[in-house]
Every structure is written in structure tokens, then in C-alpha cells.
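S.K.: everything below, folded, please.
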Amino acid sequence: MITASVFIARVAAILYLCVGIGALLDKNSLKRIVEDLIKSPSAAYIGSMFALIMGFCLLAVNSAWNWHWTVIITILGWGGIIKGAFGLMFPDYTLKLAGYFSKMKNLYLIAGPLCIILGLVFGYYGFLA
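M.R.: The predicted model follows:
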């Protein structure tokens, strides 16, 4: 039987690797998705709800501030809570901020490798360690 942290690592590995590779291979599609999200406040609001719920779920099973790889899950959980709460309380500002980030030309060159690195770290601890 695997622990909750290992399960989360396995799911996160697949998610982050897919997003990271997709961001590098097809940045135009990802850019269009972000632009469409900005045009749909209701989708952004639902996304904020999802981020808040997922953040709480991550922290419910793993909320440890220690020098262990699981602290990454804790940080992502708090990030989800902060992002979700901010998006629910300030939806207009959140959309403006997303619009600002979508105009950054090098964003996908930064986000893609970052997601791949996270995916590899989670993959190591979820499948190999």
C-alpha cells in the first residue's frame, strides 16, 4: 500500500510532465487556452474554486514543513489555497493578472521546463524512491 504523499507524487508527475512538454511543444495552443480563459470570467471563477479545493485536499493529507521532498506538496497546497482564495475574492484583478502573464513572450519557455523539473522530481519520489 502506498502513502498519500506517494500517490500525490505519482499523479503530479504525470500532470506536470504533460503540461511541461505540452508548453514546450505547442506553446500557441496553450497561449490560446489562457487567452480564452481570460475571456470567460465564469471559467476562471470555477478554476479558482478548483484551486482552493485542491489546495485544501493536498494539505488535508500532507501538511508538513520539514526538510523532506513532501514539503513540495505542502507548498503546492498552500499555493492552491492562496490562488483560489485570491481568485474568488478578486476575480477581476485575477483576470487582469492572467492577461498580463499571457502577454509575456518567454513565459512558456520558463513554465515548460519548470513543470518538467517538477514532474521529474515527483516521478522520482512517486515511482522510483
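
S.K.: what's the first helix or strand after the helix or strand bottoming out on mean pLDDT in the chain?
M.R.: Within the chain, no helix or strand scores below helix 27-39, which has a mean of 83 by mean pLDDT, DSSP states H and E. Per DSSP states H and E, the first helix or strand lying C-terminal to helix 27-39 is helix 41-61.

S.K.: flag every buried residue along that next one.
M.R.: Buried residues in helix 41-61, defined by neighbour count with 16 or more other C-beta atoms under 10 Å: 44, 47-48, 51-52, 54-55, 58-59. For the C-beta atoms, the positions are set from N, CA and C on the backbone; glycine is no exception.

S.K.: could you dump the following helix or strand past that helix to PDB, C-alpha only?
M.R.: As assigned by DSSP H and E, the chain's next helix or strand after helix 41-61 is helix 71-89. Extracted in PDB, the C-alpha atoms of helix 71-89 (Å, rounded to 0.1, in the frame of the first residue of the first chain):
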ATOM      1  CA  VAL A  71       7.300  19.800   1.600                       C
ATOM      2  CA  ILE A  72       6.800  20.400  -2.100                       C
ATOM      3  CA  ILE A  73       3.200  19.100  -1.800                       C
ATOM      4  CA  THR A  74       2.700  21.400   1.200                       C
ATOM      5  CA  ILE A  75       3.900  24.400  -0.800                       C
ATOM      6  CA  LEU A  76       1.700  23.500  -3.700                       C
ATOM      7  CA  GLY A  77      -1.300  23.000  -1.400                       C
ATOM      8  CA  TRP A  78      -0.800  26.500   0.100                       C
ATOM      9  CA  GLY A  79      -0.300  27.900  -3.300                       C
ATOM     10  CA  GLY A  80      -3.600  26.400  -4.400                       C
ATOM     11  CA  ILE A  81      -5.400  27.900  -1.400                       C
ATOM     12  CA  ILE A  82      -3.900  31.300  -1.900                       C
ATOM     13  CA  LYS A  83      -4.500  31.300  -5.700                       C
ATOM     14  CA  GLY A  84      -8.000  30.000  -5.200                       C
ATOM     15  CA  ALA A  85      -9.000  32.400  -2.400                       C
ATOM     16  CA  PHE A  86      -7.500  35.400  -4.300                       C
ATOM     17  CA  GLY A  87      -9.400  34.400  -7.500                       C
ATOM     18  CA  LEU A  88     -12.700  34.100  -5.600                       C
ATOM     19  CA  MET A  89     -12.300  37.400  -3.700                       C
END
